[in-house]
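# Fold the stuff below for me.
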Amino acid sequence: MHRVGYSLLLIMLVTGLGGSVAEAQFRFESEYLLWNRNNDSDATILSGPGGTSADDADFGYASGYRFTLGGSLSAFDVEASFMQIPGWEDSWAGTLINPLAFDDPNNVNIAPASGLGFVSALGIAAGTPGLEDNEIEFLEAGAQFQSRYDSTFDSFELNFGSNRTVRPVYFALGWRHMELDESAATLLRGTFQAMDADNGALPGAGGDEANNGLSHAALAAAGFVVTGGGADGFLGYDPAAPLTATTLGVAYEGVARNDLDGGQLTLGGRYAMSEIVTLQAGLKGGVYHNRSLGIVRESVFGIVNDSSVYERTFRDRRTSATFGGAAGFDVLVALTDYINFTLGYEALFLTNMALAGDQSSGINTDLFGVAHYSLENSGVFAAHGGSVGLQFLW
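Below is the predicted model:
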């Protein structure tokens, strides 16, 4: 984050403008923002009845703030602005009415079952040839999940243009830096079990084959590393001895960070509706260099009757061109000769963005069954909302 640098730049701007001639007019505006945003993520985490996906998140409206400092001198105008929406978030939970099969939810011995909606290491491990043949690993019906999606947006811009107090129409060229940081996570908790795929035999039943669990070798072959407990995988249980059942936790997390810098053009206008009320509107458009970071983390860990912790983490970076635009208007009501009350609305959009909820879709396997991750940055970020504030002139 670059908030300290932005603050210093604002102070330098104030100092520089303060030394100008008496004919200059300066302004400072402080605004409270109440903005909503879209959710362009559509990656499925858990498929089947009662499952969940990233697009279940409904962010709603979140509070933020914006500070703007500007000045007009002769035919020119300079303006710097910083805004932040720090609190877009949503959380939801559910209970799976069917078993959650790691590798084969359509097997006749377990169907109907929910499944993992992407190329997970857990699914790869459960289907490892030579290690997990004739086995279905799953969480029993009644497994619970909790999901959460968090998002923060920052923006700093510096614009130079024509004097907006001389003519009703003005324009500006500028530079803008934006950051969109997100995290999307789903946590599952349920009773782990293993079943023979050919006859549905559970551990201890007649005709049951060996293994009866998810082996360490299969987990390691799928890319998991042990970060805690023993390197001994996870075992199913004999239904005749329910106290030996393993309660398993499964966690999926996607992280996306977008760091944008670029140039933009602003076109705006002012119209005095009366002696005390002025309408101001503007359009912005720009092209930005987006440096994106994506992280996908998958964890499997024992909660009851097991202490093993396995984790797989992928990271990827990508640069791309992002196109963005914004439109908005403000109503300025003069309270005194030097103080205006402002009420406004603005909407913006950005293309080619990495969204946390989409990152699990970037995992694919090659011809040899090895999983690879490529950052997903095809999302569209859009936000809009109102503002209320005070503007000070001198």
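# Nearest the geometric middle of the protein, what residue?
Nearest to the geometric centre of the chain sits E182, at 3.0 Å (CA atoms, centre = their mean).
# Go ahead and confirm it touches D150.
Yes. E182 is within contact range of D150, at 6.7 Å (criterion: CB atoms under 8 Å). C-beta: built from backbone N, CA, C; applies to glycine.
# Tell me the buried residues in the host helix or strand of F67?
Here F67 is covered by strand 61-73, with elements defined by DSSP states H and E. Using 16 or more other CB atoms under 10 Å as the test for burial, strand 61-73 gives 61-62, 64, 66-72.
# How far does that strand sit from its chain's centre?
On the basis of CA atoms, centre = their mean, to the nearest Å, strand 61-73 sits 24 Å off its chain's mean C-alpha point.
# And for stretch 114-121?
Mean-position distance between stretch 114-121 and its chain equals 20 Å (CA atoms, centre = their mean).
# Look at it and report the distance between its end residues.
Start and end residues of stretch 114-121 are separated by 17 Å (CA to CA, to the nearest Å).
# so what's L393 closest to, chain neighbours aside?
Nearest-residue entry for L393: Y338, 4.9 Å, with adjacent residues in sequence omitted and distances by CB to CB, 6 or more residues apart in numbering.
# picking up where we left off before, pretty sure the residue nearest to the centre of the chain sits in a strand.
Yes. Under DSSP: H, G, I helix; E, B strand; the rest coil, E182 falls within a strand.
# Distance from stretch 87-95 to the middle of the chain?
Taking CA atoms, centre = their mean, one finds stretch 87-95 lying 13 Å from the centre of the chain it belongs to.
# List of residues touching it?
Residues outside stretch 87-95 that contact it (CB atoms under 8 Å, 6 or more residues apart in numbering) are 37, 50, 52, 56-60, 62-64, 142-153.
# among the residues you listed, which are in strands?
Per DSSP state E, strands hold the following members of these: 37, 52, 62-64, 144-153.
# who does G386 bridge with?
L34, Y345 (DSSP bridges).
# so what strands line up beside the strand holding F67?
strand 25-37 (antiparallel), strand 76-95 (antiparallel).
# Now the ones you listed in a markdown table, please, with extra columns for mean neighbour count and mean pLDDT.
A markdown table is the format used below for the strands paired with strand 61-73 (neighbours: other CB atoms under 10 Å; pLDDT from 0 to 100):
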| stretch | mean neighbour count | mean pLDDT |
| --- | --- | --- |
| strand 25-37 | 18 | 96 |
| strand 76-95 | 17 | 96 |
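# I'd like those strands laid out as CSV, including distance to A210.
CSV is the format used below for the strands paired with strand 61-73 (distance: least, CB to CB, whole Å):
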stretch, distance to A210
strand 25-37, 52
strand 76-95, 32
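# Sweet, I'm off.
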